[in-house]
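Novice: predicted structure and sequence below. I'll ask about it afterward.
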Amino acid sequence: MASCHSSANPGCGASGKAELTPLQADKIAQHPCYSRSAHHRYARMHLAVAPACNLQCHYCNRKYDCSNESRPGVVSEVLSPAQAIAKARHVAAALPQLAVIGIAGPGDPLANIARTFNTLEGLRSALPDIKLCLSTNGLALPEVVDRLADVGVDHVTVTVNALDADIAAQIYPWLWFDGERLEGLEAAALLLARQEEGIRKLTARGIMVKINSVLIPGINDRHLPAVSEKAREWGAMLHNVMPLISRPEHGTVFGLQGQREPSAREVAEVRANCGMSMPQMAHCHQCRADAIGMLGEDRSQSFPLSAIPQTAEPYLPVMYRRAQIQAGIATAGESESADACLVAVATREGVLIDEHFGHVQRFQIYSASAAGVTLIGERFTPPFCTDKSECDDEVSRHEQRLDAVVALLADVSAVFCARIGLSPWQRLEQAGIEPCVSGAWQSVTEVIALWWQQHRLVPSAGKNRMGAA
Ligand SMILES: C[S@@+](CC[C@H](N)C(=O)[O-])C[C@H]1O[C@@H](n2cnc3c(N)ncnc32)[C@H](O)[C@@H]1O
Ligand code: SF4
Ligand code: SF4
């Protein structure tokens with residue numbers, strides 16, 4: 001079988017899945033860990049809201065913190081969900097390249113369910129255009145997959161160090177499950193079964209899965225190609241073989257026992273073997289659980305909690321500006337930018353215009369210009385009011401949502417959807433946004449390209465040619 005030893009094209013077919021949809025391809029293209037080329041263009045941020053863990057790995061000691069050190073599980077301050085959301089808004093405004101926010105510790109996000117979901121839900125409504133990501137050992141995964149999908153988490157990393165309970169028992173001495181402490185082979189077998197169940201459920205819901213494996217010489221080094229093969233069968237997209245970090249001063253069991261770290265050559269060899277089955281990530285920087293910035297840089301020390309303003313600045317203008325930069329509108333020369341604009345599309349997979357305006361949960365944002373039609377990202381819409389018992393006044397809640405959706409789309413020139421009601425149609429028109437249904441069930445990019453050709457000849461059409469007023 002041909003090798004797929006590169007993260008440049010995780011959708012090369014080695015995952016055994018069907019071709020990627022345009023939306024999946026875009027999610028990969030904008031995630032610095034999933035796409036090697038994205039890591040020079042897009043930044044990520046980890047929010048350290050999850051201090052507890054439901055198991056113990058022999059290579060982890062979360063108590064050891066050094067602000068000068070970049071290592072998984074290390075943080076300078078653990079945040080409450082409210083602090084995390086405020087910090088994320090602040091960083092998103094300061095860092096236009098920010099594309100992804102993840103929760104990766106310092107413990108396990110799913111051993112801190114309330115803190116993790118409060119943070120994810122707050123982020124989802126505060127930052128509609130940012131991708132959400134999570135990293136877990138998988139023990140508590142099966143029960144929360146639907147919740148993760150519903151809150152809009154598109155990327156989940158699961159650490160799978162073994163498939164075989166004998167090997168796993170050498171890495172995990174104990175775990176807590178259903179209020180009980182389990183040890184040895186029993187604990188190991190349970191963890192492995194729940195990892196598989198969780199990963200299968202994630203991929204069935206369309207969530208992209210990356211597998212992390214810590215390469216531990218003499219324990220799982222020969223076994224990791226089998227992990228890669230299984231992960232591919234489960235529908236995972238990418239395998240990240242990480243070298244064990246094991247020093248006595250970190251106070252881990254492996255560090256104190258003198259378990260050695262792998263050499264660069266050993267890591268390369270294992271990745272090459274794993275690469276026979278699955279695309280490999282070779283640009284992981286084993287970031288801290290509060291890392292901020294492009295991969296390879298850490299700006300977390302520039303954003304201490306004490307520097308976060310008490311009152312958050314409005315986010316929508318920040319988002320509009322980010323979309324313009326992304327689309328090349330804000331940075332392009334005058335002559336190029338004069339014809340460029342943003343449009344929103346209601347589409348399920350990015351192929352056809354096939355969603356009703358009122359059913360959309362995420363709008364896809366495209367730029368249209370002489371250079372072509374390009375997907376630049378997506379925006380989550382505020383939820384509909386569905387539960388009448390919670391609504392004192394259903395009509396006014398509907399109006400509020402419509403106001404919020406129009407504000408979310410204020411920088412676009414047109415909205416393409418399969419159908420739309422009269423009242424949203426009128427509200428969009430009042431806001432200078434053109435509702436378009438004539439391209440329903442047709443190709444997204446062809447319809448936008450045709451629309452752009454027609455509209456560029458009518459200079460007065462559309463109020464927001466150049467983005468937000
Ligand atoms: C800090 S953990 C947080 C997420 C979750 N608790 C987990 O273990 O997947 C993030 C990643 O760092 C890895 N990691 C932790 N300590 C490590 C070490 N000493 N050497 C290499 N990788 C390590 C974990 O295995 C995991 O893949
Ligand atoms: S599961 Fe993650 S946080 Fe928990 S002990 Fe292992 S590496 Fe540390
Ligand atoms: S630890 Fe690796 S996978 Fe996680 S954000 Fe950093 S580079 Fe990406």
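Specialist: Sure, I can see it. Ligands and ions are numbered 1, 2, ... in the order given.
Novice: which residues of the protein lie near ligand 3?
Specialist: With Cβ under 6 Å from any ligand atom as the criterion, the chain meets ligand 3 at residues Cys33, Arg44, Asn240, Cys284, His285, Gln286, Cys287, Leu295. For glycine as for every other residue, the C-beta is placed from the backbone atoms N, C-alpha and C.
Novice: just give the nearest non-adjacent residue to the fourth one, would you?
Specialist: Closest residue to Cys284 in three dimensions, ignoring its sequence neighbours and counting by Cβ to Cβ, 6 or more residues apart in numbering: Asn240, at 5.1 Å.
Novice: can you count the residues close to His250?
Specialist: 20 (other Cβ atoms under 10 Å).
Novice: can you check the one 3 residues further on too?
Specialist: Applying other Cβ under 10 Å, we find 16 residues neighbouring Val253.
Novice: verify the assumption that Trp425 is located in a helix.
Specialist: Yes - applying DSSP: H, G, I helix; E, B strand; the rest coil, one finds Trp425 inside a helix.
Novice: and the pLDDT for it?
Specialist: We have a pLDDT of 95 for Trp425.
Novice: hang on, it packs against Cys436?
Specialist: No - Trp425 is not in contact with Cys436 according to Cβ atoms under 8 Å; the separation is 10.4 Å.
Novice: where in the protein is pLDDT low?
Specialist: Across the chain, the ranges flagged by pLDDT under 70 are 1-19, 39, 63-76, 330-338, 383-395, 457-469.
Novice: leaving out the residues flanking it, which one is nearest to the residue of the stretch 351-469 of the chain at minimum distance from ligand 2?
Specialist: Relative to ligand 2, the nearest point of the stretch 351-469 of the chain is Phe380 (28.3 Å; Cβ to the nearest ligand atom). Excluding the flanking residues, the one nearest Phe380 by Cβ to Cβ, 6+ apart is Pro128, at 4.5 Å.
Novice: how about the helices in the stretch 201-350 of the chain?
Specialist: 224-233, 253-257, 264-274, 316-327, 334-337 (DSSP state H, counting those that start in this stretch).
Novice: so which strand or helix has Val100?
Specialist: strand 98-103 (DSSP states H and E).
Novice: mind listing residues that contact that strand?
Specialist: Applying Cβ atoms under 8 Å, 6 or more residues apart in numbering, the external contacts of strand 98-103 come out as 30-33, 38, 42-47, 49-50, 88, 91-92, 109, 116, 119-120, 123, 127, 130-135, 155, 377.
Novice: and the gap between the residue of the stretch 351-469 of the chain closest to ligand 2 and Arg260?
Specialist: Between Phe380 and Arg260 the computed distance is 46 Å (Cβ to Cβ, to the nearest Å).
Novice: so between the two, which is more surrounded?
Specialist: Neighbours around Phe380 and Arg260, counted as other Cβ under 10 Å, are more numerous at Phe380. The numbers are 20 against 13.
Novice: hey, what's the more buried one bridged with?
Specialist: Listed beta-bridge partners, Phe380: Arg362 (assigned using DSSP bridges).
Novice: isn't it up against Glu121?
Specialist: No - Phe380 is beyond contact range of Glu121, at 11.1 Å (criterion: Cβ under 8 Å).
Novice: can you count the residues close to His58?
Specialist: If we define neighbours as other Cβ under 10 Å, then His58 has 21 of them.
Novice: name the SS class of it, please.
Specialist: coil.
Novice: and the residue lying closest to it once chain neighbours are set aside, what does it touch?
Specialist: Once flanking residues are discounted, His58 sits nearest to Val253: 4.1 Å by Cβ to Cβ, 6+ apart. Taking Cβ under 8 Å, 6+ apart, we find Val253 in contact with His58, Tyr59, Pro173.
Novice: re earlier: keep only the contacts of strand 98-103 that also lie close to ligand 1.
Specialist: Ser135.
Novice: buried only: go through the contacts of strand 98-103 for me.
Specialist: 30-33, 38, 42-47, 49-50, 88, 91-92, 109, 116, 119-120, 123, 127, 130-135, 155, 377 (16 or more other Cβ atoms under 10 Å).
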